[in-house]
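K.L.:
3D, please:
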Amino acid sequence: MFQNFIPLIVDALANAAIIFFVAFGLTLVFSVLRILNVAHGSFYSIGAYVAASAGLWIVGAGGNPWLTFPSLLISAALVAALFGPLVEKTLIRWTYGRGEAVQILVTFALFLILEDLQRLVFGVSSLYADTPMSLLGISEIGGIIYLNYQLLLIALAVVALLGTRIFIRHTRTGRLLAVVVADREISEAMGINTSRIFTLAFSIGVFLAALGGAMATPTTGIAPGLGAETMVLAFAVAAIGGLGQIEGAALAAIIVAFVRVLAIYYFPALDAVAPYIVMLLVLLVRPYGLFGKPATRRI
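P.N.:
Down below sits the predicted model:
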């Protein structure tokens, strides 16, 4: 009986890895900048489009197909380098200190602009670049066949989580990030360049979203509307785990992924709504999420 659930578990963990990258970036941006970035899903889809286009170009030009692996990482880095500092220093910085409604409206407007920009640049046809997944092949364990690329996704998500904890606790920049998260005003009084920290945090968030899109490219087709779907799912995961809680985002991604896979296997009609049912149930019991804590608010 347990053997029948092993493929389900692997599918869920691989799905959780992709969701985690996006929700992780959203959570990081909120914890430092205190902004819910509605445009976050667009960076996911842009990363996917750039990675798919790069992979198809490498294969079409007769290049070494193994170059498609570093192209996934490079694509995410390029998206972060292009959009991170530019967006934070213009639109996002303008919203600091303003009400949540203004922040949401501004980032939603950015989301609409980026969605149209993707259609202009990449067109409306679907892209599918599965070369990395094909190269890694499959493995048979205990009579069950697994995609090695799925196992790679799980390992990368674990590395990202552990690497972030090491970065925050054992590097100067990471500790500065933690200080700004704890108290922005005291950080500024101590002479910390919070503007630089905000730009860095936002750029890392963009990179994580774009990396999630890039890593998902070999497993799924890329089409218009992907950013909106991902954005809503990332918000649900972040809300379940607790806004600003990295460990909460990891646990919530696993929970949501398992629920989605269970729905696909046993209740296909509930596939689309299953994550949001989980979010509703969690928030009814803990309005601040699994790892979130109630906090006082300055008025």
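K.L.:
only C-alpha atoms for contact and neighbour calcs from this point on.
P.N.:
OK.
K.L.:
what about the strands in the stretch 101-250 of the chain?
P.N.:
Ranges of strands within the stretch 101-250 of the chain are 138-141, 144-147, based on DSSP state E, counting those that start in this stretch.
K.L.:
Deepest in the core, which of the ones you listed is it.
P.N.:
Highest mean neighbour count of the strands of the stretch 101-250 of the chain: strand 144-147, a mean of 14 (counted as mean count of other CA atoms under 10 Å).
K.L.:
now residue 111, nearest residue through space, not along the chain?
P.N.:
The shortest distance from residue 111 to any residue other than its chain neighbours is 4.2 Å, reached at residue 39 (CA to CA, 6 or more residues apart in numbering).
K.L.:
I'd like the strands of the stretch 101-250 of the chain laid out as TSV, including distance to residue 124 and mean pLDDT.
P.N.:
Below are the strands of the stretch 101-250 of the chain laid out as TSV (distance: least, CA to CA, whole Å; pLDDT from 0 to 100):
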stretch	distance to residue 124	mean pLDDT
strand 138-141	32	74
strand 144-147	29	75
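K.L.:
can you put those in a markdown table and add distance to residue 32?
P.N.:
Shown next, in a markdown table, are these (distance: least, CA to CA, whole Å):
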| stretch | distance to residue 32 |
| --- | --- |
| strand 138-141 | 40 |
| strand 144-147 | 37 |
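K.L.:
Next, count neighbours for the residue nearest to residue 111.
P.N.:
Residue 39 has 24 neighbours, counted by other CA atoms under 10 Å.
K.L.:
quick one, phi/psi of it?
P.N.:
phi -80, psi 0 (degrees, to the nearest 10).
K.L.:
For it, give me its contacts.
P.N.:
Contact criterion CA atoms under 8 Å, 6 or more residues apart in numbering gives 107-108, 110-111, 114, 231 as the residues in contact with residue 39.
K.L.:
top of those by neighbour count?
P.N.:
Using other CA under 10 Å as the neighbour test, the contacts of residue 39 are led by residue 231, with 25 neighbours.
K.L.:
follow-up on the earlier one: tell me the predicted confidence for the residue nearest to residue 111.
P.N.:
Residue 39 carries a pLDDT value of 90.
K.L.:
How about residue 203?
P.N.:
93.
K.L.:
same deal with residue 83?
P.N.:
At residue 83, pLDDT is 94.
K.L.:
name the element it belongs to?
P.N.:
If you go by DSSP states H and E, residue 83 is part of helix 68-87.
K.L.:
From residue 216, how far off is the residue nearest the centre of the chain?
P.N.:
Centrality entry for the chain: nearest residue to the mean C-alpha point is residue 22, 0.8 Å, by CA atoms, centre = their mean. Distance from residue 22 to residue 216, counting by CA to CA, to the nearest Å: 11 Å.
K.L.:
Equivalent analysis for residue 156, please.
P.N.:
Relative to residue 216, and taking CA to CA, residue 156 is found at 12 Å.
K.L.:
which of the two has more neighbours?
P.N.:
Neighbour tally, residue 156 and residue 216, criterion other CA under 10 Å: the higher count belongs to residue 216, 27 against 17.
K.L.:
from memory the more buried one sits against residue 48, does it?
P.N.:
Yes. Applying CA atoms under 8 Å, one finds residue 216 in contact with residue 48, separated by 7.1 Å.
K.L.:
can you list the weak-confidence ranges in the stretch 101-250 of the chain?
P.N.:
Low-confidence segments of the stretch 101-250 of the chain (pLDDT under 70): 141-144.
K.L.:
Report the secondary structure state of the closest residue to residue 240 other than its chain neighbours.
P.N.:
Excluding its sequence neighbours, the residue lying closest to residue 240 (CA to CA, 6+ apart) is residue 289, at 4.8 Å. Look at residue 289: counting by DSSP: H, G, I helix; E, B strand; the rest coil, its state is coil.
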